[in-house]
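A.B. asks: Have a look; sequence and predicted model below, questions after that.
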Amino acid sequence: MEISTIVLIVLGVLILFMSFVTVRQGTVAVITVFGKYRRILTPGLSLKIPIIEQIYRRVSVQNHSVELEFQATTIDQANVHFKAMLLYSVLNQDPETIKNVAFKFVDKISLMQALTRTIEGSIRSYVATKKQSEVLSLRRDIVEDVKQQLDHTLETWGYHLQDLQLNDITFDEDIMRSMAQVVASNNLKAAAENEGQALLITKTKAAEAEGNAIKIAANAEREAAMLRGQGVALFRQEVAKGMTQAAKEMQEANLHASVILFSMWTEALKHFSEHGKGNTIFLDGSADNMQRTMKELMSITMGEYKNKKNEAGG
């Protein structure tokens, strides 16, 4: 076999192998002919014209992430430091989109520089219209504003902003210290207000309890006084009934009612002596006093007898 034939066979095999191209999953190959875009190759095994068709770039259609650190200034001249995570991807696998991704930027470094600077500028312009006290509460608003402004620009580049996360928002050390003092003073103020409210509630409840106790005691005293009054009235009523009954019995026995008074007087003396408990009680218990008392009782008896006689004679 001649050498030329062997060379042709080897060249043919080599050209055949060069005609097969393997494209990995998650990527798309951009084919050019003499430097001009020709077509794209999807993942898998594909054929291309050797030497004439060249793979210009393999474009990844997977998600890409990058971390950003930058600084912005608020409207009240406070420096805000951001740490963000950017998640982006190729918009779709359409040929026009892949052409934009492949040819808009010289390399990936240029793309990343343009992308990060665009996002930083958008966030800085938004933060510049806000005060430092508003920035921390506007995390979601900042992200939405950036997405709204960049969606159209990124589409012209062939990309789509999947997500932007502001993981850390901090201020200068002096501002952080003053903010901590403000938070501490607000906490002390809230604690003082809560303590005052608790003390007010405690004193109010104590006053209500004291008032209720006084009211209950007054009602009890009133009921006790009423019962004491009723007891005295019943005692007097029973005494009157007893005296009436005794007087009636004395009259039936032909005895004068004044004897009842004398009996009550002697019973009183007996009660004083039994229940005095050492107290000094001055009573005239002499014979003269006894005679005087009897004379007074007799005078009462005689006066009543004369009245009855006059009434009978009249």
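C.D. replies: That came through, no problem. Numbers count the residues shown, from 1 in each chain.
A.B. asks: in the helix or strand Ile123 falls within, what's buried?
C.D. replies: Using DSSP states H and E, Ile123 sits in helix 108-127. Judged by neighbour count using 16 or more other Cβ atoms under 10 Å, the buried positions of helix 108-127 are 111-112, 115-116, 118-120, 122-123, 126-127. (Glycine included, C-beta is placed from N, CA and C.)
A.B. asks: List the contacts of stretch 10-24.
C.D. replies: Outside stretch 10-24, the residues within contact range by Cβ atoms under 8 Å, 6 or more residues apart in numbering are 29, 41-51, 55, 58.
A.B. asks: Averaging pLDDT per element, find the lowest-scoring helix or strand in the chain.
C.D. replies: Within the chain, confidence by mean pLDDT, DSSP states H and E is lowest for helix 287-313 among all helices and strands, at a mean of 61.
A.B. asks: How about Gln54: what's its closest non-neighbour residue?
C.D. replies: The shortest distance from Gln54 to any non-neighbouring residue, by Cβ to Cβ, 6 or more residues apart in numbering, is to Thr32 (5.6 Å).
A.B. asks: tell me the phi and psi of the one you found?
C.D. replies: Per-residue torsions, Thr32: phi -120, psi 150 (degrees, to the nearest 10).
A.B. asks: got it, and the one 10 residues further on?
C.D. replies: The main-chain torsion angles of Thr42 are listed as degrees, to the nearest 10 and equal phi -80, psi 170.
A.B. asks: Packing partners of whichever strand or helix holds Ser185?
C.D. replies: Assigned by DSSP H and E, Ser185 belongs to helix 173-252. Counting contacts by 3 or more Cβ pairs under 8 Å, 6 or more residues apart in numbering; DSSP states H and E, helix 173-252 packs against helix 258-275.
A.B. asks: what mean pLDDT does the helix it packs on have?
C.D. replies: Over the span of helix 258-275, the pLDDT mean works out to 68.
A.B. asks: thinking again about what came up before, going by distance to Lys203, which of the buried residues of helix 108-127 wins?
C.D. replies: Closest approach to Lys203 among these (Cβ to Cβ): Val127, at 49.1 Å.
A.B. asks: So for the closest one, what's the pLDDT?
C.D. replies: Per-residue pLDDT puts Val127 at 87.
A.B. asks: Is the residue nearest to it when sequence neighbours are not counted bridged to anything, and to what?
C.D. replies: Leaving aside its chain neighbours, Val127 sits nearest to Ala72 (4.0 Å; criterion: Cβ to Cβ, 6+ apart). Assessed by DSSP bridges, Ala72 has beta-bridge partners Val80.
A.B. asks: give me every residue that touches Ala72.
C.D. replies: Taking Cβ under 8 Å, 6+ apart as the test, what Ala72 contacts is 79-80, 82, 120, 123-124, 127-128.
A.B. asks: Tabulate those residues (CSV), appending distance to Met18.
C.D. replies: What follows is these, written out as CSV (distance: Cβ to Cβ, whole Å):
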residue, distance to Met18
Asn79, 58
Val80, 56
Phe82, 49
Glu120, 45
Ile123, 48
Arg124, 51
Val127, 54
Ala128, 56
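A.B. asks: Give me the domain ranges for the protein.
C.D. replies: Annotated domains of the chain cover 3-60, 64-171, 174-253, 256-314 [automatic domain parsing].
A.B. asks: Would you point to the one among the ones you listed that's packed deepest?
C.D. replies: The highest average neighbour count among those, using mean count of other Cβ atoms under 10 Å, belongs to domain 64-171 at a mean of 15.
A.B. asks: Quick check: end-to-end length of it?
C.D. replies: 29 Å (Cα to Cα, to the nearest Å).
A.B. asks: from the middle of its chain, how far away would it be?
C.D. replies: Centroid separation for domain 64-171 versus its chain: 36 Å, with Cα atoms, centre = their mean, to the nearest Å.
A.B. asks: do the same with stretch 199-214
C.D. replies: That offset, for stretch 199-214, works out to 26 Å (Cα atoms, centre = their mean).
A.B. asks: Surely the residue nearest to Gln54 touches Ile49?
C.D. replies: No. The criterion here is Cβ atoms under 8 Å, and Thr32 misses it with Ile49 at 11.5 Å.
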